[in-house]
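Q: the sequence isn't on hand, but the structure is:
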């Protein structure tokens, strides 16, 4: 089980991290809202645990964003805000559970187990390829970036799938021709460059962070920046 904790108190974050890891969980910590945003966009988690009073982006907004990225994402708010209005705001933001500080770790662990077990039992298994805010669902063949659906042709989809499977690696035109087109590469054709251009326009145009990059003389790579 992979858990994201967004908590700006280092001692508390360390305490929770140690407790979860002792129970066999993998836990990542973000110490402010921006870092939490970045990790939510890059990774998939079995559970997200959020403080509310965070620097830059508060926990209520992060909860909404987590729901936009994955409507089935289990979220637990862990906060000192204990008024009824605060709890209502949390549930309206989309949280599944709300635990007030100070708390007993055993109770946090119990709630975490309930949420992850409920999610595993109630959600259909999905095969996802994800990089940054880009997501490809291998079951439904749906591609989204920042939550917005992107329509691709069959070849564009296959090309993107291959890039995602090899994200961070420089992929040559020969590799693409043989693995995506299943053809022997013809040095006299620019069909691969054309399709990469099509895909780049659909995935990168209008977004501040570009994902598909040309490595001159070598090929293409899927990376941020």
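A: Right, received. Where do you want to start? These numbers come from a predicted model, not from an experiment.
Q: and residue 207, how far from residue 144?
A: With distances taken as CB to CB, to the nearest Å, residue 207 is found 12 Å from residue 144. (Glycine included, C-beta is placed from N, CA and C.)
Q: ditto for residue 30
A: Distance of residue 30 to residue 144, given as CB to CB: 23 Å.
Q: cool, and residue 17?
A: Taken as CB to CB, the span from residue 17 to residue 144 is 31 Å.
Q: the two: which is more packed in?
A: Comparing residue 17 with residue 144 by other CB atoms under 10 Å, the one with more neighbours is residue 17, at 18 against 15.
Q: can you tell me the closest non-neighbouring residue to the more buried one?
A: residue 27 (4.9 Å; CB to CB, 6 or more residues apart in numbering).
Q: helix or strand: which one has the one you found?
A: Counting by DSSP states H and E, the element that carries residue 27 is strand 26-30.
Q: residues touching the residue nearest to residue 17, list them.
A: 2, 3, 4, 5, 16, 17, 20, 21 (CB atoms under 8 Å, 6 or more residues apart in numbering).
Q: narrow those residues to those in strands?
A: Applying DSSP state E to the contacts of residue 27, the entries found in strands are 2, 3, 4, 5.
Q: buried ones among those residues?
A: Among the ones in strands among the contacts of residue 27, those classed as buried by 16 or more other CB atoms under 10 Å are 3, 4, 5.
Q: how about those residues in TSV, adding distance to residue 156 and pLDDT?
A: Compiled in TSV, these are given as follows (distance: CB to CB, whole Å; pLDDT from 0 to 100):
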residue	distance to residue 156	pLDDT
3	35	94
4	31	96
5	37	97
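Q: any chance of these in CSV, plus distance to residue 45?
A: Listed next are those as CSV, based on distance: CB to CB, whole Å:
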residue, distance to residue 45
3, 6
4, 5
5, 10
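Q: closest to residue 47 out of these?
A: Distances from residue 47 to those, taken as CB to CB, are shortest for residue 3 (4.7 Å).
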